[in-house]
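Novice: requesting a structural model of the entry that follows:
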Amino acid sequence: MVHQTINTRINPAPRASSKINNMKQLLWRVVWIAIVGSLVACGSGPRRVVVEEATPAAPAAPVARPVDAAPRASGGLAGAPDTPSPQKFYRSRWVPVSWNELPGWQVDDLSDAWNAWLQNCERPGPLFAPLCRQVKQLLLADNQDKRLWLMSHLQPYRVESLDGNPEGLLTSYYEPLMEASANMRPGFEVPLYAPPDALQQAKRAGQPWLTRQQIDTLPEAKEALRGKEVAWLADPVDALVLHIQGSGRVRITDADGRTRVVRLAYAASNDQPYASVGRWLLDRGLVRDASWPGIKAWISATQSSNPRLVQEMLWSNPRYVFFRPETRTEKDADLGPRGAQGVPLTAGRSVAVDKDSIPYATPLWLTSAGPNGNLQRLVFAQDTGSAIVGAVRADYFAGTGAQAGDFAGRMKQGLRLWVLWPK
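Specialist: I've put the predicted structure just below:
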């Protein structure tokens with residue numbers, strides 16, 4: 001398979017500043033300086049972290065518990081003698097640093113990051129909400145002005161584990177795009193389901209529902225899921241991929257020959273623990289490469305000769321995800337899926353985190369270097385995942401489609417994170 005990676009740099013949006021004359025540029029500078037000056041003069045005391053609950057359109061996400069915010073640093077920029085002291089946030093420790101500690105801080109193109117911040121402002125939570133008016137006003141500002149504004153309003157904190165380790169793990173995920181049918185027919189016999197009533201009953205009782213194998217084999221499961229089909233796929237491996245990613249798009253060809261793309265959003269899970277099929281294959285010595293390209297190569301080589309072994313691999317992950325079709329308007333057709341924060345994800349600028357380490361809506365500086373890519377960029381904590389656990393842990397949203405999937409399937413390398421926290 002030819003390895004393709006997504007372009008981790010997105011071309012900046014068209015700049016209106018290239019078309020205005022020098023007088024307007026001077027006027028913009030004066031206005032911007034006035035905005036920043038007024039904001040710096042309006043400092044408030046220490047805040048407490050309260051992250052808003054996710055919208056019903058997103059997977060259920062508990063509200064983050066209150067934590068004492070870091071003391072405010074007078075003087076504006078990090079590195080001053082009165083820099084805040086280290087803070088703890090449940091699973092992580094935040095250590096205040098100066099801006100010059102952030103690798104690549106001066107070179108990141110902030111134009112596409114700003115688009116992600118505008119999405120962030122749909123549900124910023126009370127801590128970041130006061131910044132959103134200025135974020136919108138700075139949309140057409142250049143990178144230098146955006147960077148200066150960030151440095152005057154935010155304090156960087158290096159994220160560490162509670163024992164002081166700043167090193168962690170970066171993986172990646174994506175939104176699959178798969179061929180599907182609205183009805184079962186030859187070649188499309190693998191269902192994707194909406195949540196059944198029995199699942200809600202199990203949740204009310206505080207119990208997990210049936211495992212993946214039980215859902216596939218038990219008559220009572222088939223009966224509970226009758227009429228809950230939202231689409232039919234050709235391959236059970238594709239269904240597993242959708243379950244692991246948590247959402248995706250399917251291209252459906254109707255009886256009249258017309259095609260339409262439907263986004264399937266996360267609706268619920270069976271509350272069974274997630275288990276890695278890659279780990280299952282490694283433990284049995286069946287593969288040496290447990291990336292998704294490696295797993296797919298093993299499946300391709302094994303499916304015809306030993307289909308029962310492939311089925312056993314699929315059942316090794318008991319977790320099962322249910323979906324709901326999402327209405328897509330012309331306005332949001334090109335937006336990413338909604339993460340646990342309740343806002344659309346932005347390719348290359350959204351990450352899933354452990355919400356007990358980093359609250360939703362938090363801007364982060366991310367650095368990661370390895371064979372799958374060198375990243376130094378501004379991202380936002382907008383999602384979570386059952387496998388994303390730990391202080392310095394992130395899952396990088398790569399985008400939609402096969403190219404993003406190839407990048408995501410190979411990404412597994414070291415990570416360092418800095419929280420950018422309001423002063």
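
Novice: tell me where the stretch 251-400 of the chain has strands.
Specialist: For the stretch 251-400 of the chain, the strands defined by DSSP state E, counting those that start in this stretch cover 259-269, 321-326, 350-353, 363-368, 375-383, 393-400.

Novice: out of the ones you listed, which gets nearest to residue 177?
Specialist: Smallest distance to residue 177 across the strands of the stretch 251-400 of the chain (Cβ to Cβ): 6.0 Å, for strand 393-400. Heads up, the C-betas are built off the backbone N, CA and C, glycines and all.

Novice: let's have the strands of the stretch 251-400 of the chain in TSV, adding distance to residue 161.
Specialist: Shown next, in TSV, are the strands of the stretch 251-400 of the chain (distance: least, Cβ to Cβ, whole Å):
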stretch	distance to residue 161
strand 259-269	27
strand 321-326	29
strand 350-353	14
strand 363-368	16
strand 375-383	17
strand 393-400	10
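
Novice: please identify the most buried of the ones you listed.
Specialist: Here the criterion is mean neighbour count by mean count of other Cβ atoms under 10 Å, and of the strands of the stretch 251-400 of the chain the winner is strand 350-353, at a mean of 28.

Novice: quick one on the thing from earlier: and of the strands of the stretch 251-400 of the chain, who's closest to residue 237?
Specialist: The minimum distance between residue 237 and the strands of the stretch 251-400 of the chain falls on strand 321-326, with 14.6 Å, by Cβ to Cβ.

Novice: and that closest one, how far from the chain's centre?
Specialist: 17 Å (Cα atoms, centre = their mean, to the nearest Å).

Novice: with stretch 267-274 instead?
Specialist: Offset of stretch 267-274 from its chain centre (Cα atoms, centre = their mean): 18 Å.

Novice: who's in contact with that stretch?
Specialist: Stretch 267-274 has contacts (Cβ atoms under 8 Å, 6 or more residues apart in numbering) with 194-195, 199, 202-203, 207-212, 215, 317-324, 386-387.

Novice: next, the distance between the ends of that stretch.
Specialist: Chord length of stretch 267-274, first to last residue, is 16 Å (Cα to Cα, to the nearest Å).

Novice: what is the mean pLDDT for that stretch?
Specialist: Taken as a whole, stretch 267-274 has a mean pLDDT of 95.

Novice: how far is the helix or strand encompassing residue 243 from where the chain is centred?
Specialist: Secondary structure assignment for residue 243, by DSSP states H and E: helix 236-245. From the chain centre to the centre of helix 236-245 is a distance of 17 Å (Cα atoms, centre = their mean).

Novice: can you pull the pLDDT of residue 235?
Specialist: Residue 235 is assigned 91 on the pLDDT scale.

Novice: count the residues that sit near it.
Specialist: Residue 235 has 16 neighbouring residues, counting by other Cβ atoms under 10 Å.

Novice: next: the one 3 residues further on.
Specialist: The tally of other residues near residue 238 (other Cβ under 10 Å) stands at 18.

Novice: do you know how far it is from residue 268?
Specialist: Going from residue 238 to residue 268 by Cβ to Cβ, to the nearest Å gives 20 Å.

Novice: now swap in residue 378 and tell me
Specialist: 32 Å.

Novice: could you list which residues are in contact with residue 216?
Specialist: By Cβ under 8 Å, 6+ apart, residue 216 lies in contact with residue 315.

Novice: and it, that's in a helix?
Specialist: Yes. Under DSSP: H, G, I helix; E, B strand; the rest coil, residue 216 falls within a helix.

Novice: now do the same for it: its pLDDT.
Specialist: Each residue has a pLDDT score; the one for residue 216 is 96.

Novice: next: residue 232.
Specialist: pLDDT for residue 232: 96.

Novice: what does residue 259 give?
Specialist: pLDDT recorded at residue 259 is 89.

Novice: state the distance from the spatially closest residue to it that is not a sequence neighbour to residue 191.
Specialist: Excluding the flanking residues, the one nearest residue 259 by Cβ to Cβ, 6 or more residues apart in numbering is residue 253, at 5.0 Å. Distance, residue 253 to residue 191, using Cβ to Cβ: 17 Å.

Novice: just residue 361 next, same as before
Specialist: Distance, residue 361 to residue 191, by Cβ to Cβ: 35 Å.

Novice: comparing those two, which residue is more hemmed in?
Specialist: Remark: of residue 361 and residue 191, residue 361 carries more neighbours, 24 against 16, as counted by other Cβ under 10 Å.

Novice: the more buried one contacts residue 383, correct?
Specialist: No. Residue 361 is not in contact with residue 383 according to Cβ atoms under 8 Å; the separation is 11.1 Å.

Novice: now the common contact residues for those two.
Specialist: Both residue 361 and residue 383 are contacted by residue 341, under the criterion Cβ under 8 Å, 6+ apart.

Novice: buried stuff in the helix holding residue 243?
Specialist: For helix 236-245, the neighbour count (16 or more other Cβ atoms under 10 Å) marks 237-245 as buried.

Novice: residue 373 - how many residues pack around it?
Specialist: Residues near residue 373, counting by other Cβ under 10 Å: 18.

Novice: shouldn't it be in contact with residue 411?
Specialist: Yes. Using Cβ under 8 Å, residue 373 is in contact with residue 411, at 6.9 Å.
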